[in-house]
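> Have a look at this fold, sequence not included:
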């Protein structure tokens with residue numbers, strides 16, 4: 001610290017050096033080894049020293065996709081600063097992230113009034129409540145389109161200062177390479193596009209995370225009219241690089257992080273989910289036997305939640321081998337699938353694992369990373385690639401109507417839950433588009449108070465034109481090649497809960513009778529009655545009706 005190693009002068013010199021250069025006392029050798037471009041070492045600082053880069057009203061980008069690979073050190077420190085200094089509502093940002101991230105950052109920012117606008121997907125009690133109370137504006141968009149629109153500058157096109165750029169982005173990395181490019185961690189999402197359009201970058205290098213060099217396949221997109229196709233015809237094809245290109249001059253700060261991702265703990269599959277999985281696996285066997293699927297199926301996409309986990313668990317314990325996956329998110333049961341020896345390879349944009357699952361992943365990291373490729377969401381969710389690979393898309397909506405339309409986002413047609421996410425990307429383009437859901441959900445007054453199958457969805461995210469299969473624990477309705485009236489009868493007969501089956505049959509009978517008389521019976525509905533189940537739920541706490549009021 002000082003050439004004067006003894007006496008009061010030497011001590012004073014050491015103290016002054018520590019006062020003006022505190023990071024040289026705390027900077028870990030591990031951090032220095034992760035920042036392989038020496039010219040960037042001078043940018044290493046503390047989270048608190050980055051506050052000067054934040055201004056009210058800015059457009060911010062974050063890395064991350066689900067609770068994986070998102071920044072933690074700087075957002076948490078900034079939230080502490082806002083709370084400590086009574087700045088709630090005085091530092092508000094427009095926040096752009098590939099999907100949801102950890103609630104300890106996103107939901108806390110929302111609770112402190114730090115989010116003005118949020119795109120394109122979120123989770124957490126505080127942010128959801130504030131979206132639905134009108135305090136936060138949320139934009140809901142297909143995840144493949146979100147990444148593209150970020151790259152094309154659509155979200156800040158009306159800002160004279162930004163002209164399509166973001167003011168600032170915070171990106172979690174596991175390494176910075178000598179050329180300044182960024183090696184991400186367990187997710188990619190829209191981070192490449194966010195890095196590209198951000199005017200300034202704060203990089204959190206997470207030294208608690210393992211290095212992920214070699215796990216990613218990063219490929220840039222081009223603007224029309226001369227876009228080139230992504231040359232992917234197998235789930236394990238690679239077309240890009242291991243790191244995200246980055247202009248080092250845009251990096252204004254590098255902060256060490258040792259915080260781990262706040263992964264979601266998973267519940268074991270329940271009986272209803274297991275029954276749905278059984279129906280699906282039996283359907284797959286039938287499709288193989290009749291020649292519409294190969295023996296190892298086609299690449300699988302699965303959403304998040306209990307049903308997705310049950311289906312994956314069923315596959316891990318089932319007879320299909322050499323299976324491939326092309327999806328947005330890998331959950332813990334995918335590790336079981338790999339361990340069974342039946343899953344060959346998986347492409348994803350995020351390892352959305354529970355804390356226990358991530359530890360399992362670390363214990364066999366080399367084994368799993370040979371079989372996993374992490375790509376940008378613009379590629380994992382790309383409609384053309386999904387269609388070319390013949391992906392089997394499986395997602396869980398809030399409600400499905402008797403004609404096969406589905407609502408994935410808005411309870412009662414008005415109350416936002418999370419967002420459409422990538423469900424539309426896959427359901428619109430899959431070889432087989434599958435909706436799976438329990439036939440009922442509980443209300444406050446009735447354990448079966450909400451029927452998932454209704455006469456007409458209160459909001460429509462996915463149309464009848466995109467849906468091939470509907471399955472609940474009651475059974476499976478194969479809607480391929482069926483006209484609307486035949487489709488409605490099959491969904492009611494096969495998928496509706498017994499407590500609602502006769503009620504929906506009666507509705508359909510009345511609607512068909514009325515519309516046939518009027519010469520308007522292609523897709524029979526009675527507008528005055530179509531939402532009576534929803535209205536009765538709001539008024540009486542159940543969708544069960546004494547009778548239809550026609």
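Cool, the structure landed. Only a predicted model underlies this, so the values are computations on that prediction, with no experimental measurement involved.
> Now the closest residue to residue 47 other than its chain neighbours: which helix or strand?
Excluding the flanking residues, the one nearest residue 47 by C-beta to C-beta, 6 or more residues apart in numbering is residue 77, at 3.7 Å. From N, CA and C alone the C-beta is placed, and that goes for glycine too. Secondary structure from DSSP states H and E places residue 77 in helix 73-84.
> Which SSE is immediately downstream of that helix?
Under the assignment DSSP H and E, the closest C-terminal helix or strand after helix 73-84 is strand 93-97.
> show me the contacts for the residue nearest to residue 47.
When contacts are counted by C-beta atoms under 8 Å, 6 or more residues apart in numbering, residue 77 touches 47, 48, 50, 51.
> Closest one to residue 198 out of those residues, please.
Using C-beta to C-beta, residue 50 is the member of the contacts of residue 77 that lies nearest residue 198, at 13.9 Å.
> pretty sure that closest one is in a helix, no?
Yes - using DSSP: H, G, I helix; E, B strand; the rest coil, the assignment for residue 50 is a helix.
> That one contacts residue 74, correct?
Yes - using C-beta atoms under 8 Å, residue 50 is in contact with residue 74, at 5.5 Å.
> higher neighbour count, the two?
residue 74 (26 against 21; other C-beta atoms under 10 Å).
> How about the contacts made by that one?
47, 50, 170, 202, 204, 255.
> same question, residue 434
280, 392, 393, 394, 395, 468, 469, 470, 471.
> try 10 Å this time
Applying C-beta atoms under 10 Å, 6 or more residues apart in numbering, we find residue 434 in contact with 280, 283, 301-302, 311, 392-396, 426-427, 467-471, 476.
> Of all the residues in the helix holding residue 77, which ones are buried?
In terms of neighbour count (16 or more other C-beta atoms under 10 Å), helix 73-84 has its buried residues at 73, 74, 75, 76, 77, 78, 79, 82.
> Just want the angle from it to strand 93-97.
Relative orientation of helix 73-84 versus strand 93-97 (axes from the mean of the first three to the mean of the last three C-alpha atoms, to 10 degrees): 150 degrees.
> What average pLDDT does helix 73-84 get?
Taken as a whole, helix 73-84 has a mean pLDDT of 98.
> Run the chain-centre distance for it.
How far helix 73-84 lies from its chain's middle: 25 Å, per C-alpha atoms, centre = their mean, to the nearest Å.
> Columns distance to residue 334 and secondary structure on top of the contacts of residue 74, output as TSV?
Shown next, in TSV, are the contacts of residue 74 (distance: C-beta to C-beta, whole Å; DSSP: H, G, I helix; E, B strand; the rest coil):
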residue	distance to residue 334	secondary structure
47	33	coil
50	36	helix
170	28	strand
202	32	strand
204	26	strand
255	31	strand
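> on that earlier part again, turn the buried ones among the contacts of residue 77 into a named PyMOL selection, would you?
Typed into PyMOL, the line below selects the buried ones among the contacts of residue 77, using 16+ other C-beta under 10 Å:
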select buried, resi 47+50
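> Closest one of the contacts of residue 77 to residue 107?
residue 47 (19.0 Å).
> Pull the contacting residues for that closest one.
When contacts are counted by C-beta under 10 Å, 6+ apart, residue 47 touches 71-78, 80-81, 202, 204, 253, 255-257.
> just residue 282 next, same as before
Shown in contact with residue 282 (C-beta under 10 Å, 6+ apart): 314, 476.
> circling back to that earlier point, could you export the buried residues of helix 73-84 to JSON lines, including columns for distance to residue 356?
What follows is those, written out as JSON lines (distance: C-beta to C-beta, whole Å):
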{"residue": "73", "distance to residue 356": "24"}
{"residue": "74", "distance to residue 356": "27"}
{"residue": "75", "distance to residue 356": "25"}
{"residue": "76", "distance to residue 356": "23"}
{"residue": "77", "distance to residue 356": "28"}
{"residue": "78", "distance to residue 356": "30"}
{"residue": "79", "distance to residue 356": "27"}
{"residue": "82", "distance to residue 356": "33"}
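> Measure how buried residue 468 is and give me the count.
When neighbours are defined as other C-beta under 10 Å, residue 468 has 20 of them.
> ditto for residue 265
Residue 265, neighbours per other C-beta under 10 Å, totals 9.
> and it, how far is that from residue 353?
10 Å (C-beta to C-beta, to the nearest Å).
> Could you pull out the residues contacting both of the two?
Overlap of the contact sets of residue 265 and residue 353 (by C-beta under 10 Å, 6+ apart) consists of residue 332.
> Buried ones in stretch 180-199, by neighbour count?
Quick answer for stretch 180-199 (16+ other C-beta under 10 Å): 180-198.
> Out of those, name the ones that lie in helices.
Among the buried residues of stretch 180-199, the members found in helices (DSSP state H) are 191, 192, 193, 194, 195, 196, 197.
> for those residues, which one is nearest residue 517?
Closest approach to residue 517 among these (C-beta to C-beta): residue 193, at 54.1 Å.
> so that closest one sits right up against residue 145, yeah?
No - counting by C-beta atoms under 10 Å, residue 193 does not reach residue 145; the two are 11.6 Å apart.
> Between the two, which contacts overlap?
Listed contacts common to residue 193 and residue 145 are residue 378; contacts here mean C-beta under 10 Å, 6+ apart.
> which residues in the stretch 401-550 of the chain form strands?
406-407, 410-411, 415-416, 432-436, 440-441, 450-451, 453-454, 469-472, 475-478 (DSSP state E, counting those that start in this stretch).
> Against which helices or strands is the fifth one packed?
The contact analysis (3 or more C-beta pairs under 10 Å, 6 or more residues apart in numbering; DSSP states H and E) places strand 440-441 against strand 450-451, helix 498-518.
> Enumerate the positions of the longest one that are buried.
Using 16+ other C-beta under 10 Å as the test for burial, helix 498-518 gives 499, 500, 501, 503, 504, 505, 507, 508, 511, 512, 514, 515.
> Please list all residues in contact with the nearest residue to residue 504 once chain neighbours are set aside.
Using C-beta to C-beta, 6+ apart and skipping residues adjacent in sequence, the residue nearest residue 504 is residue 492, 5.0 Å away. Residues in contact with residue 492 (C-beta under 10 Å, 6+ apart) are 402, 453, 477, 500, 501, 502, 503, 504, 505, 507, 508.
> State the distance from residue 492 to residue 251.
For residue 492, the distance to residue 251 - C-beta to C-beta - is 58 Å.
> Save the contacts of residue 74 as JSON lines, and put in distance to residue 519 and pLDDT too.
What follows is the contacts of residue 74, written out as JSON lines (distance: C-beta to C-beta, whole Å; pLDDT from 0 to 100):
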{"residue": "47", "distance to residue 519": "68", "pLDDT": "97"}
{"residue": "50", "distance to residue 519": "67", "pLDDT": "98"}
{"residue": "170", "distance to residue 519": "60", "pLDDT": "98"}
{"residue": "202", "distance to residue 519": "64", "pLDDT": "98"}
{"residue": "204", "distance to residue 519": "64", "pLDDT": "98"}
{"residue": "255", "distance to residue 519": "68", "pLDDT": "98"}
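> With that, I have no additional questions.
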